[in-house]
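> got a predicted structure plus its sequence, pasted below:
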Amino acid sequence: MSAEQQNNEEVTIDLRRLFILIRKHIISILIWMIGLGLIAYGVSEYVLVPKYTASTQLLVNRKSTDANQAYANQQADINAVTTYKDIITSNVILKGASKYLANPVTLVKKATPAKKAVYRTNDDGTRTLVKKAVKAKPAVYKRESKSYSVSASELASAVSVTTTTSSQVLTLSATAETPAKAQAIANAVAKEFKEQIPKIMDVNNVTIVAEAPKGTKSFPKVSLITAIGVLVGLVISLLIIIIKDLSDTTVREDSFMTNELGLTNLGEIASITMPKDWTFTAKTAEKRGSSRRRV
């Protein structure tokens, strides 16, 4: 037998032994798999703090009436997408977003100052009202969301920006502990970017394509963690079974004595099973010997 054939035979024997071990300990393997799967599910569902992610989309371009110039501007905007990504996550934008989140109000109508009535003096000395007096009116603000205290450094770790090839659309995502907070952060950063980018670069048209809806759960992924727990249970149970089998020094085959230890096989002793109610004593042997002599 060649060395290659012997190696193949050993591999076959090992795989067969592994299959026998799995079949023998299938109950314990299933217990390990189900147990660790349930533990992983419980930890991911009830112990780990969930995270929610909300996304909004921004379109940045330059307005131009000339068709040739519009195409050039479009190509320039596509090439500047990486720059826009860096600006969105810059400290200037995040500081403004942090202030807005602390007091998320939007000006709906500007304040109107008070104006005095205007009169005209006639030739006879009487006065005629030309323009009525106008009372002062305060500015009208609209509250966009609940107030959140989030620093610029916290926003930097919560916000991410992604793009697609040859596209001017930026996808801004924010992750937070609640769906509403994730939505507020994404919309606040987008709003601040829209207001600040014309001052930073020669860009006069920023459109919020779609405002962020309430965030959806992004962590933990319960099904994935549960599947990992089941797989870990399978691996651990197999390792325990294999280690216990390898540490067992019991000789199972005659070939081990001859091939591995180099001993000569002189014979085999069969296993004899005696009846349960049968007992062999010295008195029984003496009776059997006297009966033989009589014969």
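Arrived safely, thanks for sending.

> and the helix ranked longest in the chain, what's buried?
Determined from DSSP state H, the single longest helix within the chain is helix 222-246. Neighbour-count burial for helix 222-246, counted by 16 or more other CB atoms under 10 Å, picks out Val222, Ile225, Thr226, Gly229, Val230, Val232, Gly233, Leu234, Ser237, Leu238, Ile241. (Glycine included, C-beta is placed from N, CA and C.)

> report the contact partners of the second one.
In other words, Ile225. By CB atoms under 8 Å, 6 or more residues apart in numbering, the residues touching Ile225 are Ala40, Tyr41, Val43, Ser44.

> which one (most neighbours) among those?
Taking other CB atoms under 10 Å as the neighbour criterion, Ala40 ranks highest of these with 22 neighbours.

> so which of the contacts of Ile225 sit within helices?
By the criterion of DSSP H, membership of those in helices covers Ala40, Tyr41.

> which of the contacts of Ile225 lies closest to Thr207?
Ser44 (38.7 Å; CB to CB).

> pLDDT at that closest one, what is it?
pLDDT for Ser44: 92.

> ok, it to Ile200 distance?
42 Å (CB to CB, to the nearest Å).

> I'd like the mean pLDDT over stretch 170-189, please.
93.

> please compute how far it lies from its chain's middle.
On the basis of CA atoms, centre = their mean, to the nearest Å, stretch 170-189 sits 16 Å off its chain's mean C-alpha point.

> where do the helices of the stretch 51-200 of the chain begin and end?
Ranges of helices within the stretch 51-200 of the chain are 67-79, 81-88, 91-102, 152-158, 179-200, based on DSSP state H, counting those that start in this stretch.

> which stretches of the stretch 1-150 of the chain have low pLDDT?
Applying pLDDT under 70 to the stretch 1-150 of the chain picks out residues 1-13, 62-79.

> three-state assignment of the closest residue to Ala180 other than its chain neighbours?
Closest residue to Ala180 apart from its sequence neighbours, by CB to CB, 6 or more residues apart in numbering: Lys214 at 6.2 Å. Each residue gets one of three states, and Lys214 gets coil by DSSP: H, G, I helix; E, B strand; the rest coil.
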